Structures are given as structure tokens and as C-alpha cells.
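J.: Pasted the sequence and its predicted model underneath.
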Amino acid sequence: KAGVTQTPRYLIKTRGQQVTLSCSPISGHRSVSWYQQTPGQGLQFLFEYFSETQRNKGNFPGRFSGRQFSNSRSEMNVSTLELGDSALYLCASSLAAGLIEAFFGQGTRLTVV
Amino acid sequence: AQTVTQSQPEMSVQEAETVTLSCTYDTSESDYYLFWYKQPPSRQMILVIRQEAYKQQNATENRFSVNFQKAAKSFSLKISDSQLGDAAMYFCAYRAMNRDDKIIFGKGTRLHILP
């Protein structure tokens, strides 16, 4: 059974650009959550999607957005990139929202220059 | 708001010895889960052990066990017979039960295993 797949693994963008990251959950999983990991702030919750609906959102500016497709794959988008957006972005999937077990992908390392 | 605090940014332990990582949390909820995740250099976040707050018995998974003190809001991880492969960043985490998927993480403890 394939795990959570995040693409791309590494990304370098210029300040002001926008970026889209992708997350394919484990087959059959319908809930996807996104986290931002930085050395200073640690792991912070971005948002959560279940059955194509955003169920919860963290305390991030509107430049951060996401969506989930009917096949449960999710994308997150960051517009007008800032240097401070450089981080590891992790995606987690679970069978259904609220269940204990969440499985993480290996993340996308975004560097903004 | 719920918070998770790990007071030890780094720790070292001799191979084959035992080490305990500390974690405290704050919540007004009565039903929740607590986790310890391991993040090796590969960046993959791996669930090490979990504890349901309604269970009084401390969870154990092979060499890993927890000391869950609900009243004190403390959740420490004990690693016995430490192995080189245990070297990683360890995160303590909290999740409310039957609500949503949001996980709140501590800042992490980097564990070094000395050969």
C-alpha cells in the first residue's frame, strides 16, 4: 500500500511568485491536513480537508489556500511568496476526519529567495 | 487554546541506555489523544506511540513507553535500550477527540545516540 505522496520534494521560488504543492493521500483516505514546519515556529497547522470541504483552518494569512479533489488528492497554494514562507510543508492523511491515526508524507521543502 | 511544551531542545544518551523525553500540555478538554512522533533526517514523521486520555494504563510499544499523568498534564516518553536508529527529532503532540484532525505539536527534542 503506497504511503502519502507529496510532490515536488524540493522547490525554489522567488519572492512574489506563487507556488502549488500537491499531496496524494493513502488510497481510501478521505481526510488531508497540511502543516508548515520551520525552525523558529515548529510545526503549525495550516488547514484540513475532508470530502472536498475545508473543515478547519489555522492562523495563516489568506495567501495560503488549499483544495481537495474528488479523489481526495489535495493541493495547497501560496501566493505572493515571502522569504518567511521558506519551510517544510507536510501533508497528513487519515481514513476519516477525527480518527486517531494520521500518516505523514515526506514533505515539500520550499525555499523562497 | 491547547498548547504542548517540550522543555528539552536536545538530549544525548549512550547506546543501550534508557532516556526519558519530557512533555507537558495544556487543554480544557477531557477527551483527547497524545502522541509521540519521530522525525529522522528523511523528514518522514513517524508515529511512535499514542495514548488515549481516557485510558489510565500507560501505552507501551516495544522499547517505547509513556508516563501519562493526566492531572499533571504530563506525557513523557521513555526509550529503553537506545539504538543508533533512534536518533531523530521527537515531537510530542495533542489532538482533541472526535472533533477534527488538527494536531498541535511541541517544538521537539533532538535526540542524539552516542555509540
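T.: It's in. Nothing here was measured: the structure is a model prediction, and the numbers come from that model.
J.: which element is A:Ser22 on?
T.: strand A:19-24 (DSSP states H and E).
J.: Give me the distance between that strand and the centre of its chain.
T.: 7 Å (C-alpha atoms, centre = their mean, to the nearest Å).
J.: after it, next one along is what?
T.: Per DSSP H and E, strand A:19-24 leads on to strand A:31-38 as the next helix or strand towards the C-terminus.
J.: In the sheet, which strands lie alongside that following strand, parallel or antiparallel?
T.: strand A:42-50 (antiparallel), strand A:87-94 (antiparallel) (DSSP bridges).
J.: For A:Ser22, find the nearest of those strands.
T.: When the strands paired with strand A:31-38 are compared by C-beta to C-beta, strand A:87-94 sits nearest A:Ser22, at 8.6 Å. For glycine as for every other residue, the C-beta is placed from the backbone atoms N, C-alpha and C.
J.: Now do the helix or strand following that closest one: distance to the chain's middle.
T.: Using DSSP H and E, the helix or strand that follows strand A:87-94 in sequence is strand A:103-104. The chain centroid and the centroid of strand A:103-104 are separated by 11 Å under C-alpha atoms, centre = their mean.
J.: Identify the residues contacting strand A:103-104?
T.: A:3-4, A:26, A:29, A:90-94, B:37, B:44-47 (C-beta atoms under 8 Å, 6 or more residues apart in numbering or on different chains).
J.: What is the nearest of those residues to B:Gln83?
T.: Nearest to B:Gln83 among these is B:Ile46, at 14.5 Å by C-beta to C-beta.
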